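1. Need coordinates for the following:
(one chain, ligands or ions: 1)
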Amino acid sequence: MSQGIHKAHPRRRSGIRSLLAVIVAIALVGVASPAFAHDELVGAAPATGAQVDALPPEIVLTFSGVLLDEPAATEVVVTDAGGASLTGGDPVLDGTKLTQPLTGTASGVVSVIWRVVSSDGHPVSGEYSFTVGDPAVAPLGTETPLPGPPMSDTGMGAVWIVLLVAAVALGGALVAVLIARARGRREG
Ligand SMILES: [Cu+2]
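-> Residues are numbered from 1 along each chain as shown. Just a heads-up that it's a prediction; the model follows:
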């Protein structure tokens, strides 16, 4: 097959083609990099493990990327120490910020479980807690990153790695063919 291409096109055109292949490979690397990381929770108010005097009227979660507005897939569950819900309506998404209105009062550990759609289309979830009132109640604040399923980074990463390897291999092969060809011409 490469013989056919060799005969059909002069060397200069093949050179341009391999240059294009290398550019495509570089472009793929650039596109792939951000896809390796899902958007993550970078801030919360009240913050993880915070101690507040009273239940605030809302919780604001800030993420590392602009979330996709998928009302059915965006959810914030806020419960008091007894498991009673403290949410007062649907969460409101604004770019990287997700605001969850609260209602009622609470004392003790308040748990926040969030689930959003990352800018790459994948669901991301996590949880944290803060404490209302009594300083004697120790907050259980631990920020869990992303529980494996339903979509893990591994699946996404593997696809990109395969694409990258293929692109780089293709570019490398073209360059190798060109060099071999140029050498052959010089010697012949
Ligand atoms: Cu993803």
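
2. residues contacting Ser111?
-> Ser111 makes contact with 77-79, 127-129, 140, according to CB atoms under 8 Å, 6 or more residues apart in numbering. Heads up, the C-betas are built off the backbone N, CA and C, glycines and all.

3. Show the buried residues in these.
-> Buried by 16 or more other CB atoms under 10 Å: 78-79, 127-129, out of those.

4. Make JSON lines from the residues you listed and add distance to Gly88, pLDDT and secondary structure to it.
-> Output for these, formatted as JSON lines (distance: CB to CB, whole Å; pLDDT from 0 to 100; DSSP: H, G, I helix; E, B strand; the rest coil):
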{"residue": "Val78", "distance to Gly88": "9", "pLDDT": "98", "secondary structure": "strand"}
{"residue": "Thr79", "distance to Gly88": "13", "pLDDT": "98", "secondary structure": "strand"}
{"residue": "Glu127", "distance to Gly88": "19", "pLDDT": "97", "secondary structure": "strand"}
{"residue": "Tyr128", "distance to Gly88": "19", "pLDDT": "97", "secondary structure": "strand"}
{"residue": "Ser129", "distance to Gly88": "18", "pLDDT": "97", "secondary structure": "strand"}
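
5. which of those sit farthest apart?
-> Thr79 and Tyr128 (12.5 Å; CB to CB).

6. Out of the contacts of Ser111, the closest to the ion would be?
-> Glu127 (19.4 Å; CB to the ion).

7. Give me the phi and psi angles of the closest residue to that closest one other than its chain neighbours.
-> Nearest-residue entry for Glu127: Ile113, 4.3 Å, with adjacent residues in sequence omitted and distances by CB to CB, 6 or more residues apart in numbering. Ile113 adopts backbone torsions of phi -120, psi 120, taken as degrees, to the nearest 10.

8. thought Ile113 was touching Val76?
-> Yes. Under the criterion of CB atoms under 8 Å, Ile113 makes contact with Val76 at 7.3 Å.

9. burial count for the residue of the chain at minimum distance from the ion?
-> Using CB to the ion, the single residue of the chain nearest to the ion is His122, 3.4 Å away. Per other CB atoms under 10 Å, the neighbour tally for His122 reads 19.

10. Next: Thr74.
-> 20.
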